[in-house]
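1. I'll drop the sequence and a predicted model, then ask my questions.
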Amino acid sequence: MGRFLNKGNRKFAEFSKTKFFVDKTALINKLLEKDITEKFICCSKARRFGKSVTADMLVAYFSKGVDSRKLFEPLCCVKDELFLSNINRYDTIFIDIQAQFEAAYERNENPMTRIRTSVVNELQSEYPEIVSSDDIIADALSKIYDQTDHQFVIIFDEWDYPVRELQEHKSELKKYIEFLRGLFKNSDAKEYIRLAYLTGIMPIIRTKGQSAINNFTEYTMVHAGDLGTYIGFTEQEVLALCRKSGSDFDQMKEWYDGYRLGQESMYNPLSVIKAITNHEFTQYWTATGTYEDISELINQNFDGLRESVIQMLSGNRVTVRISDGKNDLHTFVNKNEVITALIHLGYFAYDKNTKEAYVPNKEIQEVFFHYMENNKNDSLSRFMNRSEQILNSLLEKEEEQAAKLIQNIHNDFVSSISYNDENSLSCTIMIALISSFAYYHKPIREFPCGKGFADLVYLPLPSCPDLPVIVIELKWNQHAQTAIAQIKKRQYPESLTDFAGEILLVGINYDKRTKEHQCRIETHFAAAENMENSTQRTE
């Protein structure tokens, strides 16, 4: 076994014995079933979605020099004739592209020379009478296949690192693109390759040099295809983990759910596992260059980008043309390209049916909020400060101040929202109250209570039991007091006393003639018995 050729099964064997291992080995069956036209596969997923673990699993299955049958025997992959006839049959080349580039830079080496020399040396050791030290990798593989009929499985982890991180003019990037073209697009590649499996963050963009790998079938955060459920955790898998560990599934869902891959609701695997092992629901993205990503992308000064980000952070959705995506993270020309990049990076999710982008869960909201806390002069941070003032004015029942601040938010930040009805007004209110996410659950629209549906309801987080429930009723071309009257008439407060002792009734109206917001605020207190029951439930 070598560092690049036939690494064996040790890493996956160790991982499969971990306490909260989730079995994704059925992916192997899916890959084996694909025909000869689909053996070039590029699977691009957000950070921490299990791409590297998947690569280790494939290395363990395909690599010559080990016997992995006992390793896979208890796992859920189907051990049919196709599975058994391919296990540990192929010379398997595995390269972590990012690790090799970074190691080369540390040693002042040329990355492509380092990769070529390392792989060819191991091939020469295995096939000394066929491979010369002067060969390039593609020629070595072609000669081996020609003389032995041995096919290869090639697995690259972080294949897109040079594409997304290096500027277009960099000589290392040009040499890397030439390497991909020579390895995967030459006339012999279809013969000597049994499977090529690339993992990365960003998708292939078929422009300029990247046509070097335009023969690959892509699976991404936008187009998951039939592999969507094998990268990331499904809801059923997370539910099983919660039952096994005694974790709160509802909190797990609020914190880490929200991605849609195909028809499945998907969770970020690493965050789920960390929440279970640490017994804490929080955001676990801070160690992955998160703030640098956001700063570089969000501060692109494209028309409407800031407003779109604010809308998504508030719980609303925005339409996006994902076809405008780029993957170099340097040459954006419009907001759709930036939002698409953030979808592939995992900061936003995408609904393929409605063609809308949105913030998937509380973890990602926390990422953005922490970013704003650390970038006080950023436009998003200044907006957050205004939102905090609005929340405080509601809690302090400062009606005129609240109405004035909401008016300013609409004028200065979300003027693109045209008021036509209460629904469009609710978008602005959710945006104005973004700061509430630090103290409240995501607002619930059309919350069923009493004898109707409240427009917006904010329920305090368990960590903030002393805060009131906020019930907001919206009117358009009427009066804020009419909204308060409707809250009382339909008995919304009576249905919410289980959640807190104090309930804040907020009526907001927008007058199209004067183009002004009005606000009325009243307080409702639960009966003593209900307050006692609520306290017991919290405890």
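-> Nice, I can see it.
2. Just the element for Thr117, please.
-> helix 111-126 (DSSP states H and E).
3. what residues does that helix touch?
-> By Cβ atoms under 8 Å, 6 or more residues apart in numbering, the residues outside helix 111-126 that reach it are 2-6, 91, 93, 95, 97, 100-101, 103-105, 107, 131-133, 135-137, 140-141, 144, 162, 172, 175-176, 179. Any C-beta I mention is one placed from the backbone N, CA and C, and that applies to glycine too.
4. Could you point out the helix or strand that follows it?
-> helix 137-148.
5. Would you mind getting the angle between that next one and helix 111-126?
-> Computed by axes from the mean of the first three to the mean of the last three Cα atoms, to 10 degrees, the angle separating helix 137-148 from helix 111-126 equals 20 degrees.
6. In stretch 348-361, which of the residues would be classed as buried?
-> Within stretch 348-361, the residues that qualify as buried are Phe348, Ala349, Tyr350, Glu356, Ala357, Tyr358, Val359, Pro360, Asn361, counting by 16 or more other Cβ atoms under 10 Å.
7. contacting residues around the most centrally placed residue in the chain?
-> In the chain, the residue lying closest to the centroid (Cα atoms, centre = their mean) is Gly346, at 2.4 Å. The contact partners of Gly346, by Cβ under 8 Å, 6+ apart, come to Ala46, Arg47, Arg48, Phe49, Met221, Tyr259, Asn268, Ile364.
8. Next one: it relative to Gly232, how far apart?
-> 10 Å (Cβ to Cβ, to the nearest Å).
9. what residues are shared contacts of these two?
-> Residues touching both Gly346 and Gly232 (Cβ under 8 Å, 6+ apart): Phe49, Tyr259, Asn268.
10. Who wins on neighbours among these?
-> Among those, the one with the most neighbours (other Cβ atoms under 10 Å) is Asn268, at 29 neighbours.
11. distance of it from Ile508?
-> Taking Cβ to Cβ as the measure, Asn268 falls 35 Å from Ile508.
12. Equivalent analysis for Tyr192, please.
-> Tyr192 sits 67 Å away from Ile508, going by Cβ to Cβ.
13. who's more crowded, these two?
-> Using other Cβ under 10 Å, the more surrounded residue of Tyr192 and Ile508 is Ile508, with 30 against 22.
14. and the helix or strand where that one lies, what other elements does it pack with?
-> In this assignment (DSSP H and E), Ile508 forms part of strand 502-511. Counting by 3 or more Cβ pairs under 8 Å, 6 or more residues apart in numbering; DSSP states H and E, the packing neighbours recorded for strand 502-511 are helix 379-395, helix 422-432, strand 469-476, helix 480-489, helix 492-496, strand 516-525.
15. Pick the most deeply packed of the ones you listed.
-> Mean neighbours per residue, mean count of other Cβ atoms under 10 Å, is largest over those for strand 469-476, with a mean of 24.
16. Export only the CA atoms of it, formatted as CSV.
-> The C-alpha trace of strand 469-476 is given here as CSV (Å, rounded to 0.1, in the frame of the first residue of the first chain):
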residue,chain,number,x,y,z
VAL,A,469,-44.3,36.0,23.2
ILE,A,470,-44.7,38.6,20.4
VAL,A,471,-47.9,38.4,18.3
ILE,A,472,-48.0,40.7,15.3
GLU,A,473,-51.1,41.4,13.2
LEU,A,474,-50.7,43.4,10.0
LYS,A,475,-53.0,45.7,8.2
TRP,A,476,-52.8,47.6,4.9
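17. and that strand, which strands flank it?
-> The pairing partners recorded for strand 469-476 under DSSP bridges are strand 452-458 (antiparallel), strand 502-511 (parallel).
18. got TSV for these, with mean pLDDT and distance to Tyr61 too?
-> Converted to TSV, the strands paired with strand 469-476 look like this (pLDDT from 0 to 100; distance: least, Cβ to Cβ, whole Å):
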stretch	mean pLDDT	distance to Tyr61
strand 452-458	90	49
strand 502-511	92	57
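19. Let me have these in CSV, extended by distance to Val320.
-> CSV is the format used below for the strands paired with strand 469-476 (distance: least, Cβ to Cβ, whole Å):
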stretch, distance to Val320
strand 452-458, 25
strand 502-511, 27
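20. So which of those is nearest Lys488?
-> Closest to Lys488 of those, according to Cβ to Cβ: strand 502-511, at 7.5 Å.
21. how far out from the middle of the chain is that closest one?
-> 35 Å (Cα atoms, centre = their mean, to the nearest Å).
22. orientation of that strand relative to helix 379-395 in degrees?
-> 110 degrees.
23. Could you list which of the shared contacts of Gly346 and Gly232 belong to strands?
-> Within the shared contacts of Gly346 and Gly232, residues falling in strands by DSSP state E are Tyr259.
24. Among the shared contacts of Gly346 and Gly232, show me the least confident.
-> Among these, Phe49 carries the lowest pLDDT, at 86.
25. What distance do you get for it to Ile28?
-> 18 Å.
26. now swap in Thr482 and tell me
-> 62 Å.
27. low-scoring pLDDT stretches of the stretch 201-350 of the chain, where are they?
-> Low-confidence segments of the stretch 201-350 of the chain (pLDDT under 70): 205-212, 286-297, 299-301, 323-330.
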